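*Asks:* predicted model follows, preceded by the sequence.
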Amino acid sequence: MPAFFLTPAGQVILTFAEALALLVPLLILVAYLTYAERKVLAAIQMRKGPNVVGPFGLFQPFADALKMITKETVIPTGANRVLFLLAPMLTFALAMLAWAVIPVNDGWAIAKINVGILYLFAISSLGVYGIIIAGWASNSKYAFMGAMRSAAQMVSYEVSMGFVLVTVLLCVGSLNLNDIVLAQKHIWFCLPLFPMFIIFFISTLAETNRSPFDLPEGESEIVAGFFVEYSSMSFALFFLGEYANMILMSAMTTILFLGGWLAPFGLAPFTWVPGPIWFILKVMVVLFGFLWVRATFPRYRYDQLMRLGWKVFLPLSLGWLVLTAGALMAFGWLPHHV
């Protein structure tokens with residue numbers, strides 16, 4: 001039955017069911033992403049990784065979750081109790097809310113809004129608040145330094161990410177994520193916009209505080225950064241939020257540059273595979289890139305991190321934006337509604 005024939009209560013129930021259908025598999029995927037990361041790192045470092053709990057160590061994520069749930073939540077004496085507990089909840093909630101507009105197939109999104117890309121950018125920008133609140137509320141110098149690092153890092157790389165998004169939007173002429181995917185029927189944007197694809201992927205590593213940009217956590221100098229004082233489920237929520245953000249950024253990369261749910265270049269041998277399968281496969285490939293980078297590159301110094309963001313990515317992304325706009329105008333390729 002179409003949603004507009006339902007009563008208001010029925011629409012609420014339908015939306016709730018859709019949200020559950022998306023979030024439950026997402027949480028399972030987050031759990032197994034931690035398992036996959038440990039296995040990939042183990043393989044690269046020539047060791048076994050988790051292999052005891054369950055066959056091939058497959059139940060290890062659930063053992064970790066059980067350990068987190070049963071541990072005591074320790075709140076430092078000088079901490080602001082309300083904000084200290086609110087920060088991980090905010091981080092986790094924002095990581096989940098962003099998925100409302102992600103289409104895994106043509107029209108398959110919980111919220112079909114025409115400004116989906118703006119919604120995603122707004123949600124990703126809000127993510128820094130959870131980290132700043134955690135750093136301040138912990139009443140710890142290490143936590144506060146980690147929070148300040150994260151704030152500066154996310155602001156720096158959001159600028160170049162914004163230019164990347166504008167470049168894609170110029171090529172499509174729409175803020176709708178569904179339209180962005182359908183515009184890549186003949187050629188994925190990762191080919192004509194290859195420099196922007198690379199900038200976007202590296203910026204997502206910085207946005208999610210992943211290696212080699214994990215300066216906010218810097219174990220060698222600030223112990224564990226903004227979550228140094230966290231334990232049990234409050235720590236687990238930060239952990240889940242970080243990995244959910246990794247999957248979200250991989251989904252955004254897939255939608256913006258890898259054709260979303262579309263088969264590779266519309267080739268007939270691949271079109272029989274359902275769209276959601278292609279979407280999941282592409283997200284998994286991008287996620288493998290996250291894990292591979294962590295195992296390969298050493299951590300940047302903070303001055304190198306800032307130099308890369310402001311002196312390399314910002315001028316390069318701005319220059320490519322101007323070049324793309326000029327090419328579209330010169331050859332008359334601008335969408336008619338831009």
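*Replies:* Looks like it arrived, so ask away.
*Asks:* show me the shaky parts of the protein.
*Replies:* 1-6, 218-222, 265-271, 333-338 (pLDDT under 70).
*Asks:* quick one, strands of it?
*Replies:* Assigned by DSSP state E, the strands in the chain number zero.
*Asks:* ok, now which ones touch the nearest residue to E72 once chain neighbours are set aside?
*Replies:* Leaving aside its sequence neighbours, E72 sits nearest to S232 (Cβ to Cβ, 6 or more residues apart in numbering; 6.1 Å). C-beta here means a position set from N, CA and C on the backbone, and glycine is covered the same way. Applying Cβ atoms under 8 Å, 6 or more residues apart in numbering, one finds that S232 lies in contact with M68, I69, K71, E72, T73, V74.
*Asks:* pretty sure the first one is touching M233, no?
*Replies:* Yes: taking Cβ atoms under 8 Å as the definition, M68 is a contact partner of M233 at 5.8 Å.
*Asks:* ok so, going back, now the residue nearest to E72: how far from I69?
*Replies:* For S232, the distance to I69 equals 7 Å [Cβ to Cβ, to the nearest Å].
*Asks:* and N139, backbone torsions?
*Replies:* Here is the backbone geometry of N139 (degrees, to the nearest 10): phi 60, psi 40.
*Asks:* can you get me a residue count around the residue nearest to it when sequence neighbours are not counted?
*Replies:* Excluding its sequence neighbours, the residue lying closest to N139 (Cβ to Cβ, 6+ apart) is G78, at 3.8 Å. The number of residues packed near G78 is 10, by other Cβ atoms under 10 Å.
*Asks:* list the contacts of the residue positioned nearest the centre of the chain.
*Replies:* Central residue of the chain (Cα atoms, centre = their mean): M249, 2.7 Å from the mean position. M249 makes contact with T204, E207, T208, V286, according to Cβ under 8 Å, 6+ apart.
*Asks:* equivalent analysis for G289, please.
*Replies:* Contacts of G289 (Cβ under 8 Å, 6+ apart): F201.
*Asks:* now stretch 201-216 - C-alpha only, CSV.
*Replies:* Extracted C-alpha coordinates of stretch 201-216, given in CSV (Å, rounded to 0.1, in the frame of the first residue of the first chain):
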residue,chain,number,x,y,z
PHE,A,201,38.7,9.8,-0.6
ILE,A,202,41.7,11.3,1.3
SER,A,203,39.5,13.9,2.9
THR,A,204,37.1,11.2,4.1
LEU,A,205,40.1,9.6,5.9
ALA,A,206,40.7,12.9,7.7
GLU,A,207,37.0,13.5,8.4
THR,A,208,36.7,10.1,10.1
ASN,A,209,40.0,10.5,12.0
ARG,A,210,41.4,7.4,10.4
SER,A,211,45.1,6.6,9.7
PRO,A,212,47.2,8.3,8.6
PHE,A,213,45.2,11.3,10.0
ASP,A,214,44.4,9.8,13.4
LEU,A,215,46.0,12.8,15.2
PRO,A,216,43.0,13.4,17.5
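*Asks:* buried ones in that stretch?
*Replies:* 201-216 (16 or more other Cβ atoms under 10 Å).
*Asks:* give me the distance from that stretch to the chain's centre.
*Replies:* Mean-position distance between stretch 201-216 and its chain equals 10 Å (Cα atoms, centre = their mean, to the nearest Å).
*Asks:* and the helices in the protein?
*Replies:* Taking DSSP state H as the criterion, the chain contains helices spanning 8-44, 60-70, 81-97, 116-137, 141-172, 177-182, 194-207, 219-222, 232-257, 268-271, 275-296, 302-307, 314-330.
*Asks:* ok, which of those comes nearest V104?
*Replies:* Closest approach to V104 among the helices of the chain is made by helix 275-296 (4.9 Å; Cβ to Cβ).
*Asks:* could you pull out the buried residues of the closest one?
*Replies:* Those would be 275, 278-280, 282-284, 286-287, 290-291, 293-294, for helix 275-296 by 16+ other Cβ under 10 Å.
*Asks:* quick one, it and helix 8-44 angle?
*Replies:* Per axes from the mean of the first three to the mean of the last three Cα atoms, to 10 degrees, the angle that helix 275-296 makes with helix 8-44 is 40 degrees.
*Asks:* picking that back up, need the contacts of M249 in TSV with distance to A19, can you?
*Replies:* Formatted as TSV, the contacts of M249 follow (distance: Cβ to Cβ, whole Å):
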residue	distance to A19
T204	24
E207	24
T208	23
V286	24
